[in-house]
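> Fold the following.
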Amino acid sequence: MKVGIIICDRYKNCAGGKCFRAMQNREGAFDIYSKNEPLDIVGYTSCGGCPGGNIEYAPEEIIKNGAEVIHFATGFVVGYPPCPYILHFKHFIEDKYNIRVIVGTHPIPQKYLITHKKLGTWDSKEWKELTSPTMTNEELRLKYD
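This next block holds a predicted model:
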């Protein structure tokens, strides 16, 4: 499976360590793939900053590199505030490029869960669905703190 990752621009200097570790270990949103199935990164870029200037063009290049799926990095949901454009981006890419978009990469770090619970950020049905692929369990979340 060839994977593209798009990260939130506020984390544009991120080296991708948590995402790549989660991919290798099939944790977080990568737990849907068999450990026997090779995963290859064929693109890694940022959204381009609010309101996502790179979203219009980056998927095309990632797909030219062979991507079969695009993951939005967990930073889209854990940063404060979470990306207000995330569903728009997801639907746009899926509709324009006919490729599956999965929200999340590595498990949500426990420290972010605590913050967002206090703030009520993820209380809506919509945000519960968006965070579910990376919510995992406390033991695993602590490993990504």
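> From here on, just use CA atoms for contacts and neighbour counts.
Noted.
> so where do the strands sit in this protein?
Assigned by DSSP state E, the strands in the chain fall at 2-7, 40-46, 69-72, 100-103.
> can you redo those strands as TSV with distance to residue 17 and mean pLDDT?
Formatted as TSV, the strands of the chain follow (distance: least, C-alpha to C-alpha, whole Å; pLDDT from 0 to 100):
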stretch	distance to residue 17	mean pLDDT
strand 2-7	12	98
strand 40-46	12	97
strand 69-72	15	98
strand 100-103	17	98
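> so how far is residue 47 from the nearest residue to residue 75 once chain neighbours are set aside?
Leaving aside its chain neighbours, residue 75 sits nearest to residue 8 (6.1 Å; criterion: C-alpha to C-alpha, 6 or more residues apart in numbering). For residue 8, the distance to residue 47 equals 6 Å [C-alpha to C-alpha, to the nearest Å].
> same deal with residue 1?
As judged by C-alpha to C-alpha, residue 1 and residue 47 stand 22 Å apart.
> As CSV, the strands of the chain with mean neighbour count and distance to residue 132 would be great.
Formatted as CSV, these follow (neighbours: other C-alpha atoms under 10 Å; distance: least, C-alpha to C-alpha, whole Å):
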stretch, mean neighbour count, distance to residue 132
strand 2-7, 24, 18
strand 40-46, 18, 22
strand 69-72, 23, 13
strand 100-103, 20, 9
